[in-house]
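> Predicted model and sequence follow; I will ask about them next.
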Amino acid sequence: MNKNKYLVVYTKFLYTSLASELEYKTNIIIDAITAILSLVGSIFLLSIFFQNTGNIGGWKFEQALIIQGIYTVLNGITNTWFNPNLREIVRHVREGTLDFVLLKPVDSQFFISLKKISPSGFLEIILGVCLLFYCIKINQIKLSLNFLILCLITITCSICILYSLWFFISTTTIWFVKTWNATEVLRSLLYIGRFPMSSFSFSLRLFFSIIIPIAFITTIPSEVFLGFAQIWKVILEIFITLIFLITSRRFWLFALKYYSSASS
Amino acid sequence: MVENIIEVERLSKSFNISSKDPGLRGTLKHFFNRETKSVKVIKNINFQIKEGEIIGFLGANGAGKTTILKMLCGLIVPSEGSISVSGCLPYRRREGFLKNITLIMGQKQQLIWDLPPIESFYLNASIYDIDKFEAKRRIKKLSDMLEIEDELYIPVRKLSLGQRMKSELLAALIHKPKILFLDEPTLGLDINAQRNLREFLKAYNNENNATICLTSHYMKDITSLCKRVICVHNGSISYDGKLEKLLKKLSPVKEVLIVCSSEKDANKLDNSGFKVKSKVKNEITLKIENRNVSSSLRTILNNYDIEDLFINEPPIDEIIEKILVKKKYTF
Amino acid sequence: MRKIFTLLKVQYSNMLEYRVEIALWAVSGIIPFFMLNIWTNNNLNEAININNIMLSRYFLSAFFVRQFSVVWVVFSFEEDALLGKLSPYIIQPLNPFFRYFTQHIAEQITRFPFALIIAFLFFLFNPESIWFPNLIFLFLSFISTFLSFLIQFLIQSIIACLCFWTEKASSIERLFFIPTLFLSGLLAPVASFPKYVKSWIYFTPFPYLIDFPANLLSGNKTNISEGFIMQIFWILLLFPLFTKIWYEGTKKYTAMGS
């Protein structure tokens, strides 16, 4: 595999998709307002929970805000990368242009899951990062190299898990074509990620750690932020990330096999 | 010696198809129990294509043309038999193979909708490992051939269908493929754009000695481009050979309209042993077998006083349409 | 009327085709249950004077109301406009929104069994919250759910008509969905909102979308007459707005001739 070529192609992807998004300027503004309102709404909801109590599942309001921050960043990433590409895959399958992609001499997963980028999530990422900085301040977190590295690792893992989940759903398009509803299921499950895992009952916690690893997506990075994550949790997260990445890759190859033996 | 660039042997393909009865009851039945059955769409076909040939695939809708094309470019895995395209197994989709071929489907577009086509070209160039200068050179050359210099900088969604198709072609040919697969490339284009496209394909074929496989519903595409055609009927090949031969087989006669200077001459001609189709005053239409055309005409010109003369080419389009429509055609 | 009935029949068999998708959609509405879990697991409900059982009934009702008032006209409309299906619809002697309307009703009928299954599972885990509302309230909540559906349908249709002016109306819908999500009572009953929000929220359409019908269904306290009056008020306000924007939109569409 020629790494240099993939870099060149990716910069082209970046350029072309940003250029085409800029054709719809009002859209970007509306999406920006949506992002702000959405963050305000979730903080509002959180404040409702905290209006009569000091902590939820052992998390104080200031600590729970970290989860909001990480969730917002990840949601921004989803809106910037994962969701637009999913939409693109659905279009490819429905219009039969997936054939063009498969005949390109680049890895089809690379092409199909990274081709699009939409600036509408940028603001969310920025807002989330700002919120995180604010949280670092109000929670009096000491910054150290160790801390930064751990944060980076766990957040990267979260992004990879999220990517795998989204790509998994994208892949099912090959059978079902209409995956909007599956996306909605994923979105509503991910919604859980806005709250600390420990605020849910044991059975739900179990479900969201084992079956859909939402616990790993936001709660563990937040714990790392607060400095009370055990190291085994981080290692576990890395392990799970690898499993997810490999499975989603395998699933895609399997889907392609099906596509090329059954499509007409 | 020109060698076979495409070799297909005992190729078959079956699909599983689920069926549904119409109406609410059918839907409910479908709800609980989807019936699937295996349908053999391609049945044991063989053919070879030499480098530089232009081959037309003819057949009615659903005859299996597109399936064959997709198997040749590696999008569909064959159920049985073997395919070799420029020495590779297509369905492995190796990089070296992919850089050698291209697929163009009419009305299916790969260009980025909101951007000028030039952006898509450079994107494709980077995908095919072509550096910027080389890409620029090729875009220049191809756009000259296609006559679309100005349209390169207009967003695709604002282009007309013909311009868009030309841009599609450019995007598909930027890596100088040796083998072109075209599925209904002229679908929806007006006559002018169709002709331009055909001329371009001819020129491209000449210049690069590229092999072109195309399916089309427009007979003009086939008749003006292809020397050799493969007729597909119900998943089998019913004819494989020269187009002219096919035409001769199907229409052994030409129609000659002769305008005589007087009605008397026309009457004389009427009784001279030629097969007469119709006669109106001094105009008479004769049916003459292909191999006798020149000698018969010489006789007529020498012996009769003739004002004007028209040779109606056999209506090829109609003839080929007959192949498409007829359930079974024996050759 | 017969037209609508025939359309409904066709749409229903069409929707049955998409049963997997509709089942998934039903599943995607389970957020209220997660919220319930947070409320009860942290004893947050004591502060707002709703006991666990009533709260779980409330969230189950909210789930049901949401299931039968989900609207997605914008997305269908935008897709149809993009694929050029709109022109044939416009020349038919039937407002295309009737088509979407019956589509929604048909989809809700298809969705009903899946919603029941989810409710059944819910009762399996929370047997103490089983209840059966008396028939009058059941009927009233049914009416108010339908009115809530109408309000959302009208709002979305108005947004959908913006397709005539801007290419992507669905992003406006996504913007509008945010207040709907947080203020309608789907994630927390309006009763639990802080005072400064409660003071103005009843003048907006949001609490009548989910909170009001869900309260009716679950037997929680609510002002019945005011709720219905406000629902009807919003429908009466939105309907002329919709006809106006539809009229202007089609005029623009036909003038452009694309």
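Yep, it's here.
> C-alpha only now, for contacts and for neighbours.
Will do.
> Which pLDDT value does the model give the residue of chain C found nearest chain B?
For chain C and chain B, the shortest gap (C-alpha to the nearest C-alpha) falls at C:Ser13, measuring 5.7 Å. Looking at C:Ser13, its pLDDT reads 77.
> likewise the one 5 residues further on?
We have a pLDDT of 72 for C:Tyr18.
> residues touching C:Gln11, list them.
C:Thr102, C:Gln103, C:Ala106, C:Glu107 (C-alpha atoms under 8 Å, 6 or more residues apart in numbering or on different chains).
> What strand or helix carries it?
When elements are assigned from DSSP states H and E, C:Gln11 belongs to helix C:2-17.
> tell me which residues of that helix are tucked away?
Under the neighbour-count criterion of 16 or more other C-alpha atoms under 10 Å in any protein chain shown, helix C:2-17 has C:Leu7, C:Leu8, C:Lys9, C:Val10, C:Gln11, C:Tyr12, C:Ser13, C:Asn14, C:Met15, C:Leu16 buried.
> so how far is B:Pro116 from B:Glu149?
B:Glu149 is 12 Å from B:Pro116, where distance means C-alpha to C-alpha, to the nearest Å.
> So for the two, which sits in the more crowded spot?
Neighbour tally, B:Glu149 and B:Pro116, criterion other C-alpha atoms under 10 Å in any protein chain shown: the higher count belongs to B:Pro116, 22 against 14.
> That one against B:Pro155, yeah?
Yes: contact criterion C-alpha atoms under 8 Å: B:Pro116 and B:Pro155 qualify, at 3.8 Å.
> list the residues that contact both of the two?
Counting by C-alpha under 8 Å, 6+ apart, nothing touches both B:Pro116 and B:Pro155.
> which residues in the chain form helices?
Going with chain A. A:3-21, A:25-50, A:61-77, A:83-95, A:98-102, A:108-114, A:122-138, A:145-176, A:180-190, A:202-210, A:214, A:220-226, A:231-262 (DSSP state H).
> Wait, chain B was what I had in mind.
Along chain B, counting by DSSP H, helices occupy B:23-32, B:65-72, B:95-98, B:117-127, B:132-146, B:161-173, B:191-208, B:219-225, B:243-250, B:263-270, B:293-303, B:316-325.
> Determine which of those shows the lowest mean per-residue pLDDT.
For the helices of chain B, mean pLDDT drops lowest on helix B:23-32, to a mean of 59.
> any chance of the helices of chain B in a markdown table, with mean neighbour count and distance to chain A too?
As requested, the helices of chain B are exported to a markdown table (neighbours: other C-alpha atoms under 10 Å in any protein chain shown; distance: least, C-alpha to the nearest C-alpha, whole Å):
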| stretch | mean neighbour count | distance to chain A |
| --- | --- | --- |
| helix B:23-32 | 14 | 15 |
| helix B:65-72 | 22 | 7 |
| helix B:95-98 | 18 | 5 |
| helix B:117-127 | 23 | 6 |
| helix B:132-146 | 16 | 11 |
| helix B:161-173 | 23 | 9 |
| helix B:191-208 | 16 | 20 |
| helix B:219-225 | 18 | 23 |
| helix B:243-250 | 15 | 28 |
| helix B:263-270 | 17 | 56 |
| helix B:293-303 | 12 | 46 |
| helix B:316-325 | 16 | 20 |
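> These: which one's closest to C:Lys3?
C:Lys3 sits nearest to helix B:23-32 of all the helices of chain B, at 17.1 Å, using C-alpha to C-alpha.
> now B:Lys132: how far from chain C?
Distance from B:Lys132 to chain C, counting by C-alpha to the nearest C-alpha, to the nearest Å: 34 Å.
> For that residue, list the residues it contacts.
B:Lys132 makes contact with B:Tyr122, B:Ala125 under the criterion C-alpha under 8 Å, 6+ apart.
> again, but for A:Gly121
Shown in contact with A:Gly121 (C-alpha under 8 Å, 6+ apart): A:Asp31, A:Ala32, A:Ala35, A:Asn75, A:Gly76, A:Ile77, A:Thr78, A:Asn79, A:Thr80.
> For the fifth one, which non-adjacent residue is closest in space?
Going back to what we said before, that points to A:Gly76. Spatial nearest neighbour of A:Gly76, excluding adjacent residues (C-alpha to C-alpha, 6 or more residues apart in numbering or on different chains): A:Gly121 at 4.2 Å.
> Equivalent analysis for the third one, please.
Among residues not flanking A:Ala35 along the chain, A:Glu124 sits closest, at 5.7 Å (C-alpha to C-alpha, 6+ apart).
> Quick check: pLDDT value at the one you found.
pLDDT, A:Glu124: 93.
> do the same with C:Phe97
87.
> residues near it, how many?
For C:Phe97, the neighbour count with other C-alpha under 10 Å is 17.
> Pop the domain breakdown of chain B in here.
Using automatic domain parsing, the domain parsing of chain B gives B:4-248, B:253-313.
> end to end, how far does the longest one reach?
With C-alpha to C-alpha applied, domain B:4-248 spans 27 Å between its terminal residues.
> How about stretch A:47-63?
With C-alpha to C-alpha as the measure, stretch A:47-63 spans 13 Å from end to end.
> Can you give the distance of that stretch from its chain's centre?
Centroid separation between stretch A:47-63 and its chain, computed with C-alpha atoms, centre = their mean, to the nearest Å, is 25 Å.
> does any part of that stretch sit near chain C?
Yes: Stretch A:47-63 comes into contact with chain C (C-alpha under 8 Å from any C-alpha of the partner chain), by way of A:Ile48, A:Phe49, A:Asn52, A:Thr53, A:Ile56, A:Gly57.
> Quick check, the third one in contact with C:Ala47.
Yes: here A:Asn52 lies in contact with C:Ala47, judged by C-alpha under 8 Å, at a distance of 6.3 Å.
> Buried residues, the helix or strand hosting C:Asp80. List them.
Following DSSP H and E, one finds C:Asp80 within helix C:73-82. Residues of helix C:73-82 classed as buried by neighbour count (16+ other C-alpha under 10 Å): C:Val73, C:Val74, C:Phe75, C:Phe77, C:Glu78, C:Ala81.
> Also stretch C:98-110?
For stretch C:98-110, burial by neighbour count (16+ other C-alpha under 10 Å) applies to C:Arg99, C:Tyr100, C:Phe101, C:Thr102, C:Gln103, C:His104, C:Ile105, C:Ala106, C:Glu107, C:Gln108, C:Thr110.
> between the residues you listed, which is nearest chain A?
Using C-alpha to the nearest C-alpha, these come closest to chain A at C:Glu107, 13.1 Å.
> give the contact list for that closest one.
Counting by C-alpha under 8 Å, 6+ apart, C:Glu107 touches C:Gln11, C:Tyr12, C:Met15, C:Ile22.
> and the stretch 51-200 of chain C, which of its residues are near chain A?
For the stretch 51-200 of chain C, the residues in contact with chain A (C-alpha under 8 Å from any C-alpha) are C:168, C:171-172, C:174-175, C:178-179, C:182, C:187-188, C:192-194.
> Good, we can wrap up now.
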